[in-house]
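>>> The following comprises the amino acid sequence and a computationally predicted model.
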Amino acid sequence: MKILITGGKTVTALKLIKAFEGAEILLGDYGDMPNINTNSSTFVGLGEWNATILAHNLLTKCLDNGVDILLPIYQAEIAALSKSLVLFDEFGLKVLLPENSQPSLTKFKDLCVFDKGTIIYTSTNSNVEADNSLNGAYSFDAETGELALISIANPL
């Protein structure tokens with residue numbers, strides 16, 4: 001299984017690698033990319049940032065690189081892709097995002113990743129309540145169980 005996580009030059013993306021042990025991880029980002037490959041991940045350039053064609057650009061990169069799952073974390077990507085989920089589905093690409101996603105400004109310490117309501121990773125042993133609407137990467141408060149869709153500011 002090959003997974004593309006956007007925001008590849010950010011700490012957030014690097015933390016999310018742990019959610020997909022055993023998978024081939026591509027860390028994609030815009031602009032200049034480091035030429036570093038590790039046992040668990042490879043950096044991939046997504047070209048220059050162009051907010052008007054994000055969904056098309058990401059679809060092309062996924063198809064060119066044989067990606068099975070896309071996990072976008074930039075705010076504009078989340079907005080664009082939540083409107084294009086059907087297109088990605090037609091090409092057999094899974095996008096880890098809930099429908100009608102709203103990026104959150106709230107950030108919590110712990111992380112979890114859901115695939116259509118099934119938790120596939122959590123950074124702690126805390127129980128996180130899931131429902132079928134949860135899809136994607138979230139930060140959460142272990143004490144209250146409050147979740148916030150992970151999103152980071154768009155690159156300049």
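Okay, I see it. Remember, it's a predicted structure, so these values are computed and weren't measured experimentally.

>>> now the spatially most central residue of the chain, which residues is it bridged with?
Residue closest to the mean C-alpha point of the chain, counted by C-alpha atoms, centre = their mean, is Leu71 at 2.3 Å. Note on Leu71: beta-bridge partners by DSSP bridges are Ile5.

>>> That one contacts Leu96, doesn't it?
Yes. Proximity of Leu71 to Leu96 meets the contact threshold set by C-beta atoms under 8 Å, at 4.6 Å. C-beta: built from backbone N, CA, C; applies to glycine.

>>> related to what we said a few turns ago, which residues sit in contact with the residue nearest to the centre of the chain?
3-6, 16, 95-96, 113, 136-137 (C-beta atoms under 8 Å, 6 or more residues apart in numbering).

>>> how far away is it from Gly136?
7 Å (C-beta to C-beta, to the nearest Å).

>>> and for the two, which residues touch both?
96, 113.

>>> for this structure, what spans make up the helices?
Ranges of helices within the chain are 11-16, 54-64, 75-82, 85-90, based on DSSP state H.

>>> Including mean neighbour count, could the ones you listed go into CSV?
Output for these, formatted as CSV (neighbours: other C-beta atoms under 10 Å):
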stretch, mean neighbour count
helix 11-16, 18
helix 54-64, 18
helix 75-82, 21
helix 85-90, 13
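
>>> and of the ones you listed, who's closest to Ile119?
Nearest of those to Ile119, taken as C-beta to C-beta: helix 11-16 at 14.0 Å.
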